[in-house]
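**Student:** generate a structure from the sequence data that follows.
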Amino acid sequence: MTKTSSTSKKSQSVYAPSALHEESSSHTLAIVVNNEPGVLARIVGLFTGRGYNIDSLTVAETNHEENTSRITIVCSGTPAVIEQIKAQIKQVVSVKRVRDLTTFGPHIERELALVKVIGSGEKRIEALRIADVFRARPLDSTLESFVFEITGTTEKIDAFVALMKPLGLKDVSRTGVAAISRGLHSI
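**Tutor:** Below you'll find the model as predicted:
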């Protein structure tokens, strides 16, 4: 009886890319759905049931007359995984259209954040200077705190939040990514 070495057969996780697989990249999916109860839960369930992560999720009604909503999901995966996700989303009965904005063509992505900073003295002045550079608007101001509104790419908001940490960052509320195709293209 021969014994198989555990090092000769390495098991690969279905979630971790191996050297033979393509690199994982971020994709922005725009999904138009019928606005009815349970649609969002069914779509999110496709991700959780397969162990895929959602980096950002936004949803809102976009056409009251047609009773449709738009879901924008930012997720990461290899091209094969992204194709599998899109195919599974298309199978949900309430889904009208799915578009991968990342591969479809030029598009715009923006996110909104409310950032609370608590501080006094030089830290307060520096927070105002940085906010000005980032074009963040102060929405609320007390003698001890500010609440800033900032809109931009995810990277811009991440950078702003990182700079506010040493100045007294207390709280952050983010909307998630909203995205739309440039030019004449539409979902």
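**Student:** what stretches of this structure score poorly on pLDDT?
**Tutor:** For the chain, the stretches flagged by pLDDT under 70 are 1-22.
**Student:** buried ones in the strand ranked longest in it, by neighbour count?
**Tutor:** The longest strand of the chain (DSSP state E) is strand 107-118. Within strand 107-118, the residues scored as buried using 16 or more other Cβ atoms under 10 Å are 107, 109, 111, 113-118. Where you see a C-beta, it was placed from the backbone N, CA and C, and this is true even at glycine.
**Student:** same thing with stretch 60-75?
**Tutor:** Here stretch 60-75 shows 68-75 as buried, counting by 16+ other Cβ under 10 Å.
**Student:** coming back round to it: got the contact list for the longest strand of the chain?
**Tutor:** Taking contacts as Cβ atoms under 8 Å, 6 or more residues apart in numbering, the residues outside strand 107-118 that touch it are 28, 56, 101, 127, 136, 139, 144-154, 157, 160-161, 164, 167-182.
**Student:** rewinding a little: in strands, which of the buried residues of stretch 60-75 fall?
**Tutor:** Using DSSP E, the buried residues of stretch 60-75 in strands are 68-75.
**Student:** how about the secondary structure of residue 120?
**Tutor:** Here residue 120 is recorded as coil under DSSP: H, G, I helix; E, B strand; the rest coil.
**Student:** spit out the contact partners of it.
**Tutor:** Listed by Cβ under 8 Å, 6+ apart, the contact set of residue 120 reads 143-144.
**Student:** would CSV of the buried residues of stretch 60-75 with distance to residue 39 be doable?
**Tutor:** Formatted as CSV, the buried residues of stretch 60-75 follow (distance: Cβ to Cβ, whole Å):
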residue, distance to residue 39
68, 10
69, 7
70, 11
71, 8
72, 14
73, 13
74, 18
75, 17
